[in-house]
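**Student:** Just a sequence and a predicted model for now, questions to come.
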Amino acid sequence: FLPCVPNNFLSLSVSKLNSNNLIVKNRTAALDLSQKVRVLCWVMTQPQHLKSRTQHIRATWGRRCNIVLYMSSEASDFPTVGLNVSEGRNQLYWKTIRAFQHIHMHHLDDADWFLKADDDTFVVLENLRYGLSKHNTEEPLYFGRRFKPFVAQGYMSGGAGYVLSKEALRRFVKGFADGLCSHDTNIEDIGLGKCMETMKVQLGDSRDVLGRQTFHPYPPHYYLTRQLPRPRPWYLLYEHYHPVEGPGCCSDLAISFHYIDAVQMHTLEYYTYHLHPYGYKYRFNPDERSDNRNNN
Amino acid sequence: MMSEGSSFMKGMVLGGIFCLVMSFFENFNSGTHSEVHEHLHHHLKPLSKDELEKLSESQMSDLPLQVRVYCLIMVTPKLLVHWATANDTWSKHCDKSVFYTSESSKALEAVDLQEQDEWARLRKAIKHAYENAGDLRWFFVARPTTFAIIENLKYLVLDKDPSQPFYIGHTEKSGELDYVEYDSGIVLSYEAMRRLIEMFKDEDRCPERGHALWKTSEEKQLATCLKYSGVFAENGEDAQGKGLFNKKSVSSLISDSMGQNPADVVEACCSDMAITFAGMSPSQMQVLMYGVYRLRPYGHDFHDSLTFLPPKDSDND
């Protein structure tokens, strides 16, 4: 994420095979980051979705969070945390408020950053940690896919997932405690965005060093498919940064995709962590990049 | 009387011995040899980790450059969008990609074979490829509805000698015939191509236009011609025995795995080193291109011993 003074993490290097299986390798860089940049993930879900959606998160990326909490109207052995709310689209902002209050009360010191995701969001934790590693969690910051309308400074898309620094979490909770923020909308991402603005939390830029997006409110094919130059399609109308269609849309180190069903969840897991071209030297290596992205 | 009789007997005995020897010889050649041949080759796997570790530094840097693949992509104007997608995605990773079409299209370049019959077209393409191979020694035949990861193909054949006959892919059986499925792509070594082209001259065993009332598919005709030239189908697999050539789409395979192995969907589904998938839409293929060549978790190292460089002039890998 920008502004960027790239940390010198291990660059990807060709090294001797160890005796382990192809999949589990020397993950020093990733492992190191998981200890330095602790992420608490909370997944917005409901009892009716546990089998059809949430279990697939639990089986895939949920395991990679330092802490993962599945937030629902009811507690269960899934395990889910029961929030004091009912289900329904008009309860979503209540859920968000209660979820962050719960996390603030029980887990503030257990993590450095706090991610909210939907039960149809796919997240690559390693890439999230990498992006966050250059930032200070004691600063009031929040990252995600930046949208323009409804809030003067903009807000982050709920579906694509957004992440709060520790200070941002403190301010969100304090805002409600002090009456500076209130439940004034049912639309959770706009509501949270307005509170962030009130509490003077800054919107971060989550794009990679080449200006490519990392958080995505729609599935990959919406963005990656090559298009002839055309006016912005409806799903790109809210974009704060000038959107790019085709391969330049998306970072190699993407963090999230949304509207991901169960089959797609496992498919993305396969693409990200398993399927690879043997010995391929990737073009993009963020640690070696010294040139800056174009300012938009 | 006695001398005539004994000459006759001598002649009979000699003739008998000669016959026995000849038939023994023939059995030895076709029987034992082909049994051994088939047993050794039916499952074809890449170099094991141990074997890779034994390679020298110079072998490790030379081998990736020595295995070079000529891709024959068999298109028709009906498949224009897939044709364009294959052109824009995986075919860029072949050392040479040539599109062979039934009839020309204004939109995309191809060798126009001006041939509607699929088997006749495949024969022409194979001949053309062999003649234009240059120093390329491996051939991959696919339709544009297939997606191939050429680096994994190279890894599979890395230690195989292309001056030996190889015919590799996803094998199926039709009666006594083992054949490679077309949809999941067909790999042929230079020697297999040479023998095949030689066999094309045999109008009885390898006719250009079928004699039968019903048409045998090109994949089976190919297998038959190859079999007559002593080349047998081999199933490409990884070290764990998982098939590398898939005639289904990724989502179809994942979906199957969710039904059969719900506790271990991805592990049980498909190989990390998969070479082909088929039946995917053009936009799914573009997502696969991104998924294979770009999307990855920061800090993961697969510890591959060799290096394959990305192709020039490409922006989606």
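**Tutor:** Cool, the structure landed.
**Student:** Can you tell me how far residue A:244 is from residue B:92?
**Tutor:** Per Cβ to Cβ, to the nearest Å, residue A:244 is found 21 Å from residue B:92. The C-beta positions use only the backbone N, C-alpha and C, and glycine is treated the same way.
**Student:** between the two, who's got more neighbours?
**Tutor:** residue B:92 (20 against 16; other Cβ atoms under 10 Å in any protein chain shown).
**Student:** In a helix, the more buried one, correct?
**Tutor:** Yes: counting by DSSP: H, G, I helix; E, B strand; the rest coil, residue B:92 falls inside a helix.
**Student:** touching chain B at all, the lowest-mean-pLDDT helix or strand in chain A?
**Tutor:** In chain A, the helix or strand scored least confidently by mean pLDDT, DSSP states H and E is helix A:28-36, which has a mean of 83. Yes: Helix A:28-36 reaches chain B (Cβ under 8 Å from any Cβ of the partner chain) through A:28-33.
**Student:** now swap in stretch A:136-154 and tell me
**Tutor:** No: on the criterion Cβ under 8 Å from any Cβ, stretch A:136-154 is out of touch with chain B, staying 15.5 Å away.
**Student:** Can you get me the start-to-end distance on that stretch?
**Tutor:** 21 Å (Cα to Cα, to the nearest Å).
**Student:** Contacts for the strand or helix carrying residue B:71 next, please.
**Tutor:** Counting by DSSP states H and E, the element that carries residue B:71 is strand B:69-75. Contacting residues not belonging to strand B:69-75 are listed as B:82-83, B:86, B:91, B:94-102, B:108, B:110, B:118, B:121-122, B:125-126, B:129, B:132-133, B:136, B:138-144, B:148, B:150, B:153-154 [Cβ atoms under 8 Å, 6 or more residues apart in numbering or on different chains].
**Student:** count of neighbours near the residue lying closest to residue B:291 once chain neighbours are set aside?
**Tutor:** Using Cβ to Cβ, 6 or more residues apart in numbering or on different chains and skipping residues adjacent in sequence, the residue nearest residue B:291 is residue A:271, 3.1 Å away. Neighbourhood size, residue A:271 [other Cβ under 10 Å]: 21.
**Student:** where do the strands sit along chain B?
**Tutor:** Remark: strands assigned in chain B by DSSP state E are B:43-44, B:69-75, B:96-101, B:111-112, B:138-142, B:146-148, B:167-169, B:171-174, B:177-180, B:186-189, B:233-236, B:276-278.
**Student:** residues in contact with residue A:104?
**Tutor:** By Cβ under 8 Å, 6+ apart, the contact list for residue A:104 reads A:169-170, A:172-173.
**Student:** Farthest-apart pair in the residues you listed, please.
**Tutor:** Using Cβ to Cβ, the two most remote members of these are A:170 and A:172, lying 7.4 Å apart.
**Student:** neighbour count winner among the two?
**Tutor:** The neighbour count for residue A:170 versus residue A:172, taken as other Cβ under 10 Å, is higher for residue A:172 (27 against 17).
**Student:** longest single helix anywhere in chain A?
**Tutor:** With secondary structure taken from DSSP state H, chain A has its longest helix at helix A:92-107.
**Student:** Between strand B:138-142 and the strand holding residue B:71, find me the angle.
**Tutor:** Interaxial angle, strand B:69-75 versus strand B:138-142 (axes from the mean of the first three to the mean of the last three Cα atoms, to 10 degrees): 20 degrees.
**Student:** Report the angle between strand B:69-75 and strand B:96-101.
**Tutor:** Relative orientation of strand B:69-75 versus strand B:96-101 (the same axes, to 10 degrees): 20 degrees.
**Student:** then strand B:69-75 to CSV, C-alphas only?
**Tutor:** In CSV, the C-alpha atoms belonging to strand B:69-75 read as follows (Å, rounded to 0.1, in the frame of the first residue of the first chain):
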residue,chain,number,x,y,z
VAL,B,69,7.2,-26.9,-27.7
TYR,B,70,5.3,-26.3,-31.0
CYS,B,71,1.7,-25.8,-30.3
LEU,B,72,-0.8,-26.8,-33.0
ILE,B,73,-4.2,-25.1,-32.3
MET,B,74,-7.0,-26.5,-34.4
VAL,B,75,-9.6,-23.7,-34.9
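**Student:** which secondary structure element contains the residue of the stretch 151-296 of chain A found nearest chain B?
**Tutor:** As assessed by Cβ to the nearest Cβ, chain B sits closest to residue A:271 within the stretch 151-296 of chain A, at 3.1 Å. Assigned by DSSP H and E, residue A:271 belongs to helix A:262-273.
**Student:** just the helices in the stretch 151-296 of chain A please.
**Tutor:** Along the stretch 151-296 of chain A, counting by DSSP state H, counting those that start in this stretch, helices occupy A:166-177, A:188-198, A:220-224, A:262-273.
**Student:** Tell me the residues of the stretch 101-250 of chain A that contact chain B?
**Tutor:** Near chain B, when you scan the stretch 101-250 of chain A using Cβ under 8 Å from any Cβ, you find A:124-127, A:129-130, A:220-221, A:224-226, A:246-248, A:250.
**Student:** Which among those residues count as buried?
**Tutor:** Among those, those buried by neighbour count (16 or more other Cβ atoms under 10 Å in any protein chain shown) are A:124-127, A:129-130, A:220-221, A:224-225, A:247, A:250.
**Student:** Tell me how far the residue most central in space within chain B lies from chain A.
**Tutor:** Centroid check for chain B by Cα atoms, centre = their mean gives residue B:187 as the closest residue, at 1.8 Å. As judged by Cβ to the nearest Cβ, to the nearest Å, residue B:187 and chain A stand 15 Å apart.
**Student:** can I get the contacts of residue A:104 in JSON lines with pLDDT?
**Tutor:** Compiled in JSON lines, the contacts of residue A:104 are given as follows (pLDDT from 0 to 100):
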{"residue": "A:169", "pLDDT": "98"}
{"residue": "A:170", "pLDDT": "98"}
{"residue": "A:172", "pLDDT": "98"}
{"residue": "A:173", "pLDDT": "98"}
